[in-house]
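> sequence below, structure please.
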Amino acid sequence: MAKRVTVRTRQGTRYVADINTGRHTIVADEPKTEGGDDAGPTPRELLLAAIGSCTTMTIQIYAEMKGWPLTGVEVQLDYEKHIDKKPEGGATAWESIDQRIVLHGDLTPEQRERLLHTAAKCPIHRTVAEGATFSETLVETLDGDAIS
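Numbering: from 1, shown residues only. As a prediction, the model looks like this:
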């Protein structure tokens with residue numbers, strides 16, 4: 001089933017974007033240092049939040065399914081853009097996302113290792129790591145707001 005999110009620029013602002021998911025409204029913006037109003041997280045921060053929240057939920061679901069005594073999960077994510085200079089000139093740019101995961105509960109070392117392995121199975125992580133097909137179409141009006 002398709003998911004739909006609608007994003008609209010906010011009138012009277014430079015970069016503020018109102019995001020409608022059907023049941024929730026979120027605001028995105030750029031920091032003041034980048035010309036925004038700092039009214040909400042940046043798109044990159046929202047991406048990291050999506051990965052981190054999906055990771056915690058995926059780990060929790062797996063632990064519940066196994067009946068393991070997981071009592072909480074914390075994930076901290078760092079994004080970094082790297083530019084490697086080639087000896088012959090030019091540069092290669094690549095990006096990395098590093099996750100540090102804390103698992104709470106009376107878990108065995110084997111359970112902890114399995115839950116760490118499960119983190120990479122989060123659907124958002126997989127979409128970003130494996131890539132998604134994008135398309136852009138210019139239209140006169142949108143079909144409607146988000147589908148919940």
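> which residues in this structure form helices?
Per DSSP state H, the chain carries helices over the ranges 43-66, 109-119, 123-130.
> now those helices as TSV including distance to residue 91, mean pLDDT and mean neighbour count?
All C-beta spots, glycine's among them, are computed from the backbone N, C-alpha and C. What follows is the helices of the chain, written out as TSV (distance: least, C-beta to C-beta, whole Å; pLDDT from 0 to 100; neighbours: other C-beta atoms under 10 Å):
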stretch	distance to residue 91	mean pLDDT	mean neighbour count
helix 43-66	21	98	17
helix 109-119	31	97	14
helix 123-130	23	94	14
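> same list, those, but as JSON lines with distance to residue 37 please.
Shown next, in JSON lines, are the helices of the chain (distance: least, C-beta to C-beta, whole Å):
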{"stretch": "helix 43-66", "distance to residue 37": "15"}
{"stretch": "helix 109-119", "distance to residue 37": "34"}
{"stretch": "helix 123-130", "distance to residue 37": "27"}
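> out of those helices, which comes closest to residue 74?
helix 43-66 (7.7 Å; C-beta to C-beta).
> how far out from the middle of the chain is the closest one?
9 Å (C-alpha atoms, centre = their mean, to the nearest Å).
> so which elements touch it?
If you count contacts as 3 or more C-beta pairs under 8 Å, 6 or more residues apart in numbering; DSSP states H and E, helix 43-66 packs onto strand 25-28, strand 70-85, strand 91-105, helix 109-119, helix 123-130.
> with distance to residue 19 added, can I get these in TSV?
Shown next, in TSV, are the helices and strands packed on helix 43-66 (distance: least, C-beta to C-beta, whole Å):
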stretch	distance to residue 19
strand 25-28	4
strand 70-85	19
strand 91-105	21
helix 109-119	26
helix 123-130	16
